[in-house]
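**Student:** Next input, structure requested:
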Amino acid sequence: MTRRRPPARRRPRRTSKRQQQRDVQLITFAMVAAAVIGLVVMVVNWLLAHWWVLVVVLVLAVPAGAGWFYNRQQRARWEAVRAQGLRYGLSQLDALHHTRFEDAVRDLMRRDGCQDAQRTGGRGDLGADVKATDPFGRRWVIQCKHRRNGARGSAVGTPDLQVLNGTARQVHGADVAVIVTNGRVTAPAVAFAKQQRLHVVDRQTLAVWASGSRPLWELLRAVPPPRRSTPLS
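**Tutor:** Numbering: from 1, shown residues only. Predicted coordinates for the structure are as follows:
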């Protein structure tokens, strides 16, 4: 008779390193979760036993929150009053740093009712130093050219307007593309602006805009029609 060989024992499979890492992570997560839950339970039990602490915190938090809200409201009112009465003289604008000049243009747009006006100038701004939406829904893209010497500084030329023309509508979605300067603008640049439906705010126009209460769109010619009806239209 032939003897039957005993069945070969299967070798236990070795767990992979990935599986071991997953097991360790799972155990660690479970331990952390248990610790967090235990801590939360301890805190809740302590607060239930010392309920007066919650009352004290609530009593202190209510006046603090009310004070913060009041200060924020007062600051918003002050900003509104400041924007309504904002005025600049040319000498003030000439003395500004070019970044502060951009801030001044932004503030003047806010004074005119463009609540979302923001300064975007800096490296990589692609010709847009200030962006704003006027009360009529038109999107404004403004490039600022500050001259430290004012009218005696270098004139804004056609290349500056070419940059604005290449990016204002295509990149920034402008309805109104404007270049603002406290200096001079060359005659070829003015002609190029008319051809390309760009708007130029030179030193004279800037003086009227900055020192008066008329919004910029009332000082420029051939501004696109409103996008939406408002009480002002």
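**Student:** Any stretches of this protein with poor pLDDT?
**Tutor:** Under the criterion pLDDT under 70, the flagged ranges of the chain are 1-15, 70-84, 124, 228-233.
**Student:** Tell me how it divides into domains.
**Tutor:** Following the assignment in automatic domain parsing, the chain carries domains at 17-82, 88-218.
**Student:** Most tightly packed of the ones you listed?
**Tutor:** Mean neighbour counts were compared across these using mean count of other C-beta atoms under 10 Å; the top stretch is domain 88-218, at a mean of 18. Every residue, glycine included, has its C-beta placed from N, CA and C.
**Student:** Give me the distance between the two termini of it.
**Tutor:** Distance across domain 88-218, first residue to last, is 18 Å (C-alpha to C-alpha, to the nearest Å).
**Student:** Also stretch 89-108?
**Tutor:** According to C-alpha to C-alpha, stretch 89-108 extends 12 Å from its N-terminal end residue to its C-terminal end residue.
**Student:** contacts for it?
**Tutor:** Contact with stretch 89-108 is made by 83, 86, 88, 117-119, 121, 129-130, 132, 142, 144, 146-150, 180, 182, 203, 206-207, 209-211, 216, as judged by C-beta atoms under 8 Å, 6 or more residues apart in numbering.
**Student:** what do you get if the cut-off is 6 Å, keeping everything else the same?
**Tutor:** Here stretch 89-108 makes contact (C-beta atoms under 6 Å, 6 or more residues apart in numbering) with 86, 88, 117, 119, 121, 129-130, 144, 146, 150, 180, 182, 207.
**Student:** Sort out for me which of those residues are in strands.
**Tutor:** For the contacts of stretch 89-108, the ones inside strands are 119, 130, 144, 180, with DSSP state E as the criterion.
**Student:** Tabulate the residues you listed (JSON lines), appending distance to residue 34.
**Tutor:** Compiled in JSON lines, the ones in strands among the contacts of stretch 89-108 are given as follows (distance: C-beta to C-beta, whole Å):
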{"residue": "119", "distance to residue 34": "51"}
{"residue": "130", "distance to residue 34": "55"}
{"residue": "144", "distance to residue 34": "60"}
{"residue": "180", "distance to residue 34": "63"}
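**Student:** now, which of the residues you listed sits nearest residue 25?
**Tutor:** Relative to residue 25, the closest of the ones in strands among the contacts of stretch 89-108 is residue 119; by C-beta to C-beta it sits at 47.2 Å.
**Student:** Could you say which helix or strand holds the residue lying closest to residue 163 once chain neighbours are set aside?
**Tutor:** Counting by C-beta to C-beta, 6 or more residues apart in numbering, the nearest residue to residue 163 once its immediate chain neighbours are dropped is residue 127, at 4.6 Å. When elements are defined using DSSP states H and E, residue 127 is found to belong to no helix and no strand.
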